[in-house]
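Peer 1: here is a sequence together with a model predicted from it:
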Amino acid sequence: MTTVRTVLAMRAREGCEQQFEAEWLSAAEKIRDLDGCLRQDLVRDAEDPRSYLIISDWADRERLDAFGRSEHRDHLLRVIRDLRESAQRNTYQVLHSVRSEESS
């Protein structure tokens, strides 16, 4: 099976950045315990503090899709829907990962 990575680009509504970050972190704390969830990151654009990427790695597409149909996902979307202006999701197969010696 191939690890999959989702990248969800979101733009927070003006003035909602801190709440968006807090709500994402709260949801991520619950999602991390789901079967197949390997990693989640929230990153903010260095030039645009309202633009974020939510990056998550899953053990395989089946478990990612199961999350996509879950109550956890529905809850996350309900919470952040009003805090965002836009969202776009892409899913990728992770082919190779190379770590620097310093990160080992």
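Peer 2: Now that the structure is in, tell me what you want to look at.

Peer 1: now the element after the lengthiest helix in the chain, going C-ward?
Peer 2: In the chain, assigned by DSSP state H, the helix with the most residues is helix 17-31. Moving toward the C-terminus from helix 17-31, the next helix or strand (DSSP states H and E) is strand 37-44.

Peer 1: which positions within that next one qualify as buried?
Peer 2: For strand 37-44, the neighbour count (16 or more other Cβ atoms under 10 Å) marks 37, 40, 42 as buried. (Glycine included, C-beta is placed from N, CA and C.)

Peer 1: redo the residues you listed as CSV? Include pLDDT and distance to residue 48.
Peer 2: Listed next are these as CSV, based on pLDDT from 0 to 100; distance: Cβ to Cβ, whole Å:
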residue, pLDDT, distance to residue 48
37, 95, 28
40, 96, 21
42, 97, 15
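
Peer 1: give me the most central residue, this structure.
Peer 2: residue 54 (3.2 Å; Cα atoms, centre = their mean).

Peer 1: look up the closest residue to that residue, ignoring the ones flanking it.
Peer 2: Closest residue to residue 54 apart from its sequence neighbours, by Cβ to Cβ, 6 or more residues apart in numbering: residue 8 at 4.2 Å.

Peer 1: what's the local residue count around the one you found?
Peer 2: Residues lying near residue 8 (other Cβ atoms under 10 Å) number 15.

Peer 1: which element is it on?
Peer 2: Residue 8 belongs to strand 4-12, assigned by DSSP H and E.

Peer 1: I am finished for the moment; much appreciated.
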